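> Could you work out the structure for the sequence below:
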Amino acid sequence: MKAVAVVPGQAGSLHLREVPRPRAGDVPGGRGVLVKVLRVGVDGTDKEINQAEYGRAPEGDDFLIIGHESFGVVVETGPSVGELRPGDYVVATVRRPGKSFYDTIGLQDMTLDAVYYERGINLRHGYLTEYYVESPDYLVKVPRSCKDVGVLLEPTSVAEKGIAQAYEIQRRLRLWQPRRAVVMGAGTLGLLATMALRMRNLDVTTFGLKTPPYLNSELIEAIGARYVSTRALPLEMAAREFGPFDLIFEATGNAGVVFDAAANLGKNGVLVLTSITGGNGKIEVPAARINLDFVLGNKVMVGTVNAHREHFEQGASDLAKCAAEYPGWLERLLTHRVSGLDGHQEMMRLLTSGEGAIKIVVEVAQG
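Below you'll find the model as predicted:
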């Protein structure tokens, strides 16, 4: 069968190759589920792996099948699988257990290990292929009503985890009823975080750089949120006009925005950090004031990465709710479609050029 892969460590090595088709029996104990891949979402992670910025091949191979945002249909199950049946639509989680204590209790998204085992990213093959096999422990059923947008579930799970962590932390207050939220960044993750917060009936203000109107700002307003360009209204002024902000979800990829957000978080508020930032950039911040406000205001700043099964399940629930309340909204996020695995070079071209894409999807098969 066909698969899209790279040779880790070799920049620009993206290629199509033939690999053996897996079998349900490949998973021990009769717990295998064979999944036919229907579509795969791609993002900056896939581009960076092709640029040899990170990613390692599984043991015994010299290549890595990429793609971590899966959507497929079950075609065969092992004799010990009762949770799923052929015809079910599923999305696979990404991270697999390592060796830390948290990995042993199923919380590999909170691992202490320095090495991550992530399908399509590091040391585990991904989903840009025709079929894959997996244990049902790592498969999340997608409602049939969401089959056209189920490929959005993996990035949605990242937003869901960040929001869930905020609510979990605020159990310390005995009662936390956030009313106003901010999303910093109007890209794919920012849009999905906006959606998830709106599904909780919060008043949401989402900030982006571009001056409206454009597709992302229209999508934000179409779901009942407020779009603000930081060029027109800085966060400090917006906090006075629309705040106080109980929850700020940072998804810009710009480390400087973190401290701007921290300076404008409301009392008893939570700032959720999701951006992966590199380099050694430095900025000057009002450190004393931010520290004082965090102490006197009982504020929290928390980092979050990856997602657990429960966050995928909550994401599936929110996608279904959004599809019912705002028909067609999720489909508008799928801005660029690539036909078949043979289109892998076009996929990478779109990832590299951007071309105003929100989500690029490879249509692997019909189903």
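
> Quick check: closest non-adjacent residue to D203.
Leaving aside its sequence neighbours, D203 sits nearest to R180 (Cβ to Cβ, 6 or more residues apart in numbering; 4.8 Å). Bear in mind the C-beta positions are built from the backbone N, C-alpha and C, glycine included.

> so G25 sits in a helix?
Yes - per DSSP: H, G, I helix; E, B strand; the rest coil, G25 lies within a helix segment.

> what about the residue nearest to D203, how many neighbours?
Using other Cβ atoms under 10 Å, R180 has 19 other residues around it.

> was I right about it contacting R200?
No - using Cβ atoms under 8 Å, R180 makes no contact with R200, being 11.8 Å away.

> which residues touch the residue nearest in space to the middle of the chain?
For the chain, the residue nearest the mean C-alpha position is P155 (2.1 Å; Cα atoms, centre = their mean). Contacts for P155 (Cβ atoms under 8 Å, 6 or more residues apart in numbering) come out as G41, D43, E69, T188, L189, L192, K359.

> hang on, the earlier thing: list the contacts of the residue nearest to D203.
Residues near R180 by Cβ under 8 Å, 6+ apart: L202, D203, V204, T205, F242, G243, P244, F245, D246, L247, G266.

> Repeat the analysis, applying 7 Å as the threshold.
Counting by Cβ atoms under 7 Å, 6 or more residues apart in numbering, R180 makes contact with L202, D203, F242, G243, P244, F245, D246.

> Inside helices: which ones of the contacts of P155?
T188, L189, L192 (DSSP state H).

> can you give me the helices for the protein?
In the chain, the helices defined using DSSP H lie at 44-50, 101-104, 153-169, 188-198, 215-222, 235-242, 255-263, 287-296, 309-325, 344-353.

> and the second one, average pLDDT?
By that I understand helix 101-104. For helix 101-104, the mean pLDDT works out to 96.

> List the contacts of it.
Here helix 101-104 makes contact (Cβ under 7 Å, 6+ apart) with P97, Q108, M110, T111, L112, D113.

> pretty sure the second one is in contact with R96, am I right?
What it means is Q108. Yes - when contacts are counted by Cβ atoms under 7 Å, Q108 is listed as touching R96 (6.4 Å).

> Among these two, which residue is more densely surrounded?
Legend: neighbour count by other Cβ under 10 Å for Q108 and R96, higher for Q108 (23 against 18).

> residue contacts, the more buried one?
Going by Cβ under 7 Å, 6+ apart, the list of residues near Q108 reads R95, R96, P97, G98, Y102.

> ok so, going back, what would the ones in helices among the contacts of P155 look like in TSV with distance to V151?
Listed next are the ones in helices among the contacts of P155 as TSV, based on distance: Cβ to Cβ, whole Å:
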residue	distance to V151
T188	12
L189	15
L192	12
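
> Same list as before, these that is, but in JSON lines and with neighbour count included.
Formatted as JSON lines, the ones in helices among the contacts of P155 follow (neighbours: other Cβ atoms under 10 Å):
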{"residue": "T188", "neighbour count": "24"}
{"residue": "L189", "neighbour count": "23"}
{"residue": "L192", "neighbour count": "28"}
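
> Turn the residues you listed into a markdown table, including pLDDT.
Below are those laid out as a markdown table (pLDDT from 0 to 100):
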| residue | pLDDT |
| --- | --- |
| T188 | 97 |
| L189 | 97 |
| L192 | 98 |
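
> Looking at those residues, which is nearest D293?
Of all the ones in helices among the contacts of P155, D293 sits closest to L189, with 26.4 Å by Cβ to Cβ.

> ok, now which ones touch the closest one?
With Cβ under 7 Å, 6+ apart, L189 has these contacts: P155, V158, A159, A251, T274.

> how deep is L319 tucked in, by neighbour count?
24.

> ok, it - contacts?
The contact partners of L319, by Cβ under 7 Å, 6+ apart, come to C146, V149, L152, L153, T156, L330.
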